[in-house]
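**Q** Need coordinates for the following:
(one chain, ligands or ions: 1)
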Amino acid sequence: MRSWKSGSRVLFDGGGLSLDPVAAFIEASHREYRERVLAFCEEEIGEGRDPDTDAAARARARELVGRMGQAGLFRPIAEGDVRGCLVAREVLAWWSPLADAVFALQGLSATPGLIRDEDPGGWAERAVAGEAMGAFAMTEWEAGSDVGSMTTVAVPDGSGFRLNGGKAFISNAGIADFYVVFASTDPGAGTWGLSCFVVPADADGFEFTGSLVMSAPHPLGEVKFNDCVVPGAALLGDVGGGFKIGMATLDRLRPTVAAAACGMAGRALWEAVEHARGREQFGKRLASFQLIQEKLSSSAIELTAGRLLAYRAGWEKDRGAERITMEAAMAKAFSTEAAQRIVDRAVQVLGGRGVLAGHPVDHLYRSVRALRIYEGTTEIQHLIVGGGLVRGDAG
Ligand SMILES: Cc1cc2nc3c(=O)[nH]c(=O)nc-3n(C[C@H](O)[C@H](O)[C@H](O)COP(=O)(O)OP(=O)(O)OC[C@H]3O[C@@H](n4cnc5c(N)ncnc54)[C@H](O)[C@@H]3O)c2cc1C
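**A** Numbers count the residues shown, from 1 in each chain. Presented below is the predicted three-dimensional model:
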C-alpha cells in the first residue's frame, strides 16, 4: 500500500503515468502553490476524517478557515486567479471535502466584492486573510434554480435598506461572520430587480434559524431577515445589478466546482487502484481481472477529461476572457456527473468495505452528490450550453 502522502500526488502526475494532463494550462506559480496546498493537507488534515456530526463539522470548518488563511491558501481568491482556485479545490477535495467547502465559500463570499473592486465593511479583505468566514445567500425554499422568483425584498429605509424574507440551503449559515445576500429591490422585475448586499451576522433583524443537516458533513442552514436594516454602504454594485454580480461570480467559481469533483474522483480512483492491487479473490489479485481494469480505465479517462475541461475554463478566464459562461457550464456539468460515476465505481471495486461508514469512499459517495446540485444543477448547465448553441454564442 502506498502512503497517503504519495497517493495525494498521484492525481497530479497523471495517475502514475508521469504525465500531468493539465500541465499545459498551468504556470510554474500554480505548481508551487499546489505544493503549498499539499503540504498544508499533509500537516493539517493528515489521515484524519471529516467529522461525522453537524456540530463537529461546524467547529472544524471554523478552525480550518483560520488555519487556511494563516497558510495563505486564499491568495488565488484575492488575486482572481481562477487556476489557483482550481488547484486549491482539487487538492483539498482529495483530502477533505469539508476543507474544500471552506475554501469554496470564502471564494463565493469574497468574489462578488473583489470583481467589483468594492468591499462593503471590509469583509472580503478579511475573508481572504482567513479572519472572517463568509456565506453566499441566494437560494430560498421556493426559489432554487429560478433565482428571479425570490421573495426576499430590500426596500429603501432612510439612507439604507430594510430587508425582509428568508434564505435556505445556505452553506456556512450560523457560522459565517458575513453574508452576501441577494434580495429584490423591484419585485416583479425578476432577475433584473435583484440587488446584492453585504450583511454582517450581527446586524439587527438578521437571524440564523437552524441547520439543515446533510448526509455528508457540510455546514448548511436557513437564515431570516426580520426588518433587517443595513446602511446604504452595504449595497454591492448598483440597485438592480445583483443578478449580474451573482452570475459573474458563478462564472468564475463553477470551474472550481468541477475541480473539486475531480479531486474527490481522483481520491476515489486512487483508493480503488490500491484496493484492487492488494485484494485477492479466486487466488488472484482483483487488479488482474479485466472487468476491474475496465472500471479503473473508464474512471481514469473520465477524470482526465473532467480535469481538462475545468482547467481549460480557468485558463480562458485567466488569459482575459470577459465571460466563460459556456466553458464553466461544460466543465461543471461533465466533471460533477463523471465524478459521481467514478466514486460509484470505486465503491463497487471496494465491495462491502466501500459501504462501511467511515471508509473514505463511503464518505466520498455521500460528499460528491451535492456538487451536481449546488451553484446550478446539471440540468441548468445543459440549458446554458444548449441555449448558447441555439443562440449562436458558440459552436
Ligand atoms: C450542499 C449544498 C450547498 C448549497 N449551498 C448554497 C449556498 O451557499 N448558497 C445558496 O444560495 N444556495 C446554496 N445551495 C442551493 C443550491 O444552489 C440549490 O439547491 C440549487 O440551485 C437547486 O435549487 P433547488 O434545490 O431549489 O432545486 P429546483 O430548482 O427545485 O430543481 C429541482 C430539479 O428540477 C430541475 N430543474 C429546475 N428547473 C429546470 C428547468 N428549467 N429545466 C429542466 N430542469 C429543471 C433541477 O435541475 C433539479 O433537477 C446549496 C445546495 C446544496 C445541496
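**Q** Quick one: residues contacting the closest residue to the ligand within the stretch 1-150 of the chain.
**A** Closest residue of the stretch 1-150 of the chain to the ligand, Cβ to the nearest ligand atom: Gly144 (1.8 Å). Glycine gets a C-beta too; all of them are placed from N, C-alpha and C. By Cβ atoms under 8 Å, 6 or more residues apart in numbering, the residues touching Gly144 are Phe169.
**Q** same deal with Leu236?
**A** Going by Cβ under 8 Å, 6+ apart, Leu236 touches 112-113, 116, 118, 120, 180, 196-198, 242, 245.
**Q** give me the beta-bridge partners of it?
**A** Taking DSSP bridges as the rule, Leu236 bridges to Cys196.
**Q** I'd like to know how far it sits from the ligand.
**A** Leu236 sits 15 Å away from the ligand, going by Cβ to the nearest ligand atom, to the nearest Å.
**Q** How confident was the prediction at that residue?
**A** On pLDDT, Leu236 comes in at 98.
**Q** So which bits of the longest helix along the chain are buried?
**A** Ranked by number of residues, the top helix in the chain under DSSP state H is helix 242-278. Buried residues in helix 242-278, counting neighbours by 16 or more other Cβ atoms under 10 Å, are found at 242-246, 248-276.
**Q** What are the phi and psi values at Leu291?
**A** Leu291 has phi and psi values of phi -70, psi -30 when expressed as degrees, to the nearest 10.
**Q** show me where the stretch 101-250 of the chain has helices.
**A** Assigned by DSSP state H, counting those that start in this stretch, the helices in the stretch 101-250 of the chain fall at 123-128, 242-278.
**Q** need the ones you listed in CSV with distance to Gly320, can you?
**A** Listed next are the helices of the stretch 101-250 of the chain as CSV, based on distance: least, Cβ to Cβ, whole Å:
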stretch, distance to Gly320
helix 123-128, 22
helix 242-278, 13
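**Q** Nearest spatial neighbour of Gln70, chain-adjacent residues omitted?
**A** Spatial nearest neighbour of Gln70, chain neighbours left out: Gly130 (6.1 Å); criterion: Cβ to Cβ, 6 or more residues apart in numbering.
**Q** quick one: low-confidence ranges for this structure?
**A** Scanning the chain for pLDDT under 70 picks out the ranges 1-19, 394-395.
**Q** Can you give me the domain boundaries for it?
**A** Domain ranges of the chain: 4-128, 134-243, 244-391, per automatic domain parsing.
**Q** and the end-to-end length of the second one?
**A** This points to domain 134-243. Domain 134-243 has its terminal residues 19 Å apart, counting by Cα to Cα, to the nearest Å.
**Q** One more: the longest one?
**A** Across its full length, domain 244-391 reaches 19 Å between end residues, using Cα to Cα.
**Q** Same check on stretch 148-162?
**A** Using Cα to Cα, the two ends of stretch 148-162 sit 19 Å apart.
**Q** Pull out the buried positions in it.
**A** Quick answer for stretch 148-162 (16+ other Cβ under 10 Å): 150, 152-154, 160-162.
**Q** Can you say which two of those are spatially most distant?
**A** Maximum pairwise distance among those (Cβ to Cβ): 20.0 Å, between Met150 and Gly160.
**Q** List the residues that contact Gly240.
**A** When contacts are counted by Cβ under 8 Å, 6+ apart, Gly240 touches 185-186, 189, 192-195.
**Q** go with 10 Å
**A** Neighbouring residues of Gly240 by Cβ atoms under 10 Å, 6 or more residues apart in numbering: 184-186, 189, 191-195.
**Q** Run the chain-centre distance for the longest helix of the chain.
**A** Relative to its parent chain, helix 242-278 has a centroid offset of 7 Å by Cα atoms, centre = their mean, to the nearest Å.
**Q** On the C-terminal side of it, identify the next helix or strand.
**A** In the C-terminal direction, the helix or strand that comes right after helix 242-278 (DSSP states H and E) is strand 280-281.
**Q** Contact residues of the stretch 51-200 of the chain facing the ligand?
**A** Selection of the stretch 51-200 of the chain residues close to the ligand by Cβ under 6 Å from any ligand atom yields 136-139, 144-145, 169-171.
**Q** ok, of those, which come out buried?
**A** Looks like those have 136-139, 144, 169-171 buried, using 16+ other Cβ under 10 Å.
**Q** Inside strands: which ones of these?
**A** 136-137, 169-171 (DSSP state E).
**Q** and the contacts of Gly240, which are buried?
**A** The neighbour count (16+ other Cβ under 10 Å) marks 184-185, 191, 193-195 as buried among these.
**Q** what two of those residues are the furthest from one another?
**A** Among the buried ones among the contacts of Gly240, Thr185 and Thr191 lie farthest apart (Cβ to Cβ), at 12.1 Å.
**Q** Need the overlap of contacts for the two.
**A** With Cβ under 10 Å, 6+ apart as the test, Thr185 and Thr191 both reach 240, 242.
**Q** so what's Asp238 up against?
**A** Contacts of Asp238 by Cβ under 10 Å, 6+ apart are 116, 185, 195-196, 244-245.
**Q** Tell me how far it lies from the ligand.
**A** Counting by Cβ to the nearest ligand atom, the gap between Asp238 and the ligand amounts to 21 Å.
**Q** still on that earlier bit, can you count the residues close to the residue nearest to Gln70?
**A** If you count neighbours by other Cβ atoms under 10 Å, Gly130 ends up with 20.
**Q** I figured it hits Gly66, correct?
**A** Yes: using Cβ atoms under 10 Å, Gly130 is in contact with Gly66, at 5.2 Å.
**Q** can you tell me how far Ile324 sits from the ligand?
**A** Separation of Ile324 from the ligand (Cβ to the nearest ligand atom): 19 Å.
**Q** What separation do you get for that residue and Ala24?
**A** Distance from Ile324 to Ala24, counting by Cβ to Cβ, to the nearest Å: 17 Å.
**Q** How about Asp146?
**A** Going from Asp146 to Ala24 by Cβ to Cβ gives 39 Å.
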